[in-house]
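In: Below is the structure, and that's it, no one-letter string:
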Ligand SMILES: [Zn+2]
Ligand SMILES: [Zn+2]
């Protein structure tokens, strides 16, 4: 096959800037893309254009092409599998978005180029995947009292979680055996095949379905775990809840989750902390409000009252002449906030004014005398 001149195909000079090459490529895509151009040779032309742009847009490949010609950059085969990366696909999609072709054409590119990347995956370098797969996290929720939230607590929980199979040490292979190389992909984890596309025949690479891309097959499976390397088991574990946790906190315990498949990494356990309701208080995040009711006579004369707190109780002084609705602040005696500092307790003094029918005759009389004396 005659050597193609990439510069000629793109209509640019050797000295052209990357911007000029890009701009020229964009114009050609607009002209020859088979969605637009219905000529029978449009797709062949498009293949050439892409091939040329693939070579000249990459400084390394351009240098190689300038020195050795097209064979060094994948040659007449077009997209040489690994040579055609995501970046290229991104460029093309960008062009179509900018050119007002809409999302529809983008998906055509995704379809075509998806084949190069193993079905739209993010795999760029075709290496076998590790056999072990991560175990995954477990979520668990627990309710604690206000005091436990402040002081911390050790809890015991029972979980149904995957644990490493001890019979095969988590490998999944029957004791003493090891996984065999996958015959389908010869251990590479990927298979290549040719596909017909609107750009002509393209090499496509996809994950080997026989070994799920790992390149290995467990022939002699461990009978206990059926080859997975882990088994589900009821387990009781102890967890330390640190002091000063706020309501709704998620604490991550690394490695307390599910055991991985075939020796993969352990997942984590995520413990969600919820406060138990304490009916003595009204709660606004880390602030607690306590309503303390006093008689109107105590409000006039002043008194000392005992206020419940999270840790116990506290005595506060009510000054003579205290009005209903007065607030007394117990600073730092409230609940932990998300920054692990404590909020306040607000004590609201409510003065109880008795209705006349709740008073006996003697009480009513003294109030009347008091009332007369105040005039
Ligand atoms: Zn395979
Ligand atoms: Zn096993």
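Out: Arrived safely, thanks for sending. If you're wondering where the values come from, they're calculated on a predicted model, not measured in any experiment. Ligands and ions are numbered 1, 2, ... in the order given.

In: going forward, measure contacts between C-alpha atoms and count neighbours the same way
Out: Will do.

In: Any regions of the stretch 101-250 of the chain where pLDDT drops low?
Out: 101-125 (pLDDT under 70).

In: for the closest residue to ligand 2 within the stretch 251-375 of the chain, what are its contacts?
Out: Residue nearest to ligand 2 within the stretch 251-375 of the chain (CA to the ion): residue 262, separated by 8.7 Å. Counting by CA atoms under 8 Å, 6 or more residues apart in numbering, residue 262 touches 131-133, 170-172, 227-230.

In: backbone phi and psi for it, please?
Out: For residue 262, the backbone dihedrals (degrees, to the nearest 10) come out as phi 50, psi 50.

In: pLDDT score for it?
Out: Here the pLDDT value assigned to residue 262 is 93.

In: what mean pLDDT would you report for the one helix or strand residue 288 maps to?
Out: Per DSSP states H and E: residue 288 is located in strand 287-295. Per-residue pLDDT over strand 287-295 has a mean of 97.

In: what comes into contact with it?
Out: For strand 287-295, the external contacting residues (CA under 8 Å, 6+ apart) are 280-283, 307, 334-335, 343-353.

In: Show me which of those are buried.
Out: Burial by neighbour count, judged by 16 or more other CA atoms under 10 Å, picks out 281, 283, 307, 334-335, 343-351 from the contacts of strand 287-295.

In: Where does the record place the domain boundaries for the protein?
Out: 6-117, 282-374 (automatic domain parsing).

In: start to end distance for the shortest one?
Out: It stands for domain 282-374. End-to-end distance for domain 282-374: 38 Å, by CA to CA, to the nearest Å.

In: Equivalent analysis for stretch 148-157, please.
Out: 16 Å.

In: ok, residues contacting that stretch?
Out: 236-246, 275, 335-336.

In: Stretch 343-355 too?
Out: By CA under 8 Å, 6+ apart, the surrounding residues in contact with stretch 343-355 are 286-296, 299, 307, 309, 323-337.

In: for the record, mean pLDDT for it?
Out: The pLDDT scores in stretch 343-355 average 95.

In: what about the helices in the stretch 251-375 of the chain?
Out: Residue ranges of the helices in the stretch 251-375 of the chain, as given by DSSP state H, counting those that start in this stretch, are 296-301, 361-374.

In: closest one to residue 67 among those?
Out: When the helices of the stretch 251-375 of the chain are compared by CA to CA, helix 296-301 sits nearest residue 67, at 98.2 Å.

In: Pull the distance from the closest one to the chain's centre.
Out: Offset of helix 296-301 from its chain centre (CA atoms, centre = their mean, to the nearest Å): 58 Å.

In: buried ones in it?
Out: Buried, per 16+ other CA under 10 Å, within helix 296-301: 296, 298-299.

In: Could you dump the residues you listed into JSON lines and include distance to ligand 2?
Out: Below are these laid out as JSON lines (distance: CA to the ion, whole Å):
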{"residue": "296", "distance to ligand 2": "76"}
{"residue": "298", "distance to ligand 2": "75"}
{"residue": "299", "distance to ligand 2": "75"}
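
In: How many residues are close by residue 363?
Out: 12 (other CA atoms under 10 Å).

In: If you could redo that for residue 322, that was the one I meant.
Out: Applying other CA under 10 Å, we find 19 residues neighbouring residue 322.

In: Residue 208 too?
Out: 22.

In: next one: residue 234
Out: 11.

In: so who does it touch?
Out: 158-161.

In: and residue 339, how far is that from ligand 1?
Out: 50 Å (CA to the ion, to the nearest Å).

In: Apply the buried test to the contacts of stretch 148-157 and list what passes.
Out: For these, a burial check counting by 16+ other CA under 10 Å picks out 241, 244-246, 275, 335-336.

In: Quickly name whichever of these is closest to residue 44.
Out: Set against residue 44, the nearest of the buried ones among the contacts of stretch 148-157 by CA to CA is residue 246 (64.6 Å).

In: Using the three-state scheme, assign the closest one.
Out: Of the three states, residue 246 takes coil under DSSP: H, G, I helix; E, B strand; the rest coil.

In: circling back to that earlier point, now the buried members of the contacts of stretch 343-355.
Out: Looks like the contacts of stretch 343-355 have 286-292, 294, 296, 299, 307, 309, 324, 327, 330, 333-337 buried, using 16+ other CA under 10 Å.

In: Around residue 143, how many other residues sit close by?
Out: So residue 143, with other CA under 10 Å, has 15 neighbours.

In: Equivalent analysis for residue 139, please.
Out: There are 13 residues near residue 139, going by other CA under 10 Å.

In: Likewise for residue 40?
Out: Based on other CA under 10 Å, the number of other residues close to residue 40 is 9.

In: Could you number the chain from 8 rather than 1 from now on?
Out: Sure, I'll start numbering at 8, so the last one becomes residue 47.

In: Double-check that it belongs to a strand.
Out: No: counting by three-state DSSP, residue 47 is not part of a strand but coil.

In: and it, what pLDDT?
Out: On pLDDT, residue 47 comes in at 82.

In: May I have the phi/psi pair for it?
Out: When read as degrees, to the nearest 10, the backbone of residue 47 gives phi -60, psi -30.

In: With residue 174 instead?
Out: Taking degrees, to the nearest 10 as the convention, residue 174 sits at phi -70, psi -30.

In: contacting residues for it?
Out: Per CA under 8 Å, 6+ apart, neighbours of residue 174: 182, 229, 231.

In: So what's the residue count around the last one?
Out: It stands for residue 231. Residue 231, neighbours per other CA under 10 Å, totals 16.

In: related to what we said a few turns ago, and the contacts of stretch 155-164, which two are the farthest apart?
Out: Taking every pair in the contacts of stretch 155-164 and measuring CA to CA, the maximum separation is 29.5 Å, between 243 and 342.

In: Against residue 164, how distant is residue 141?
Out: 23 Å.
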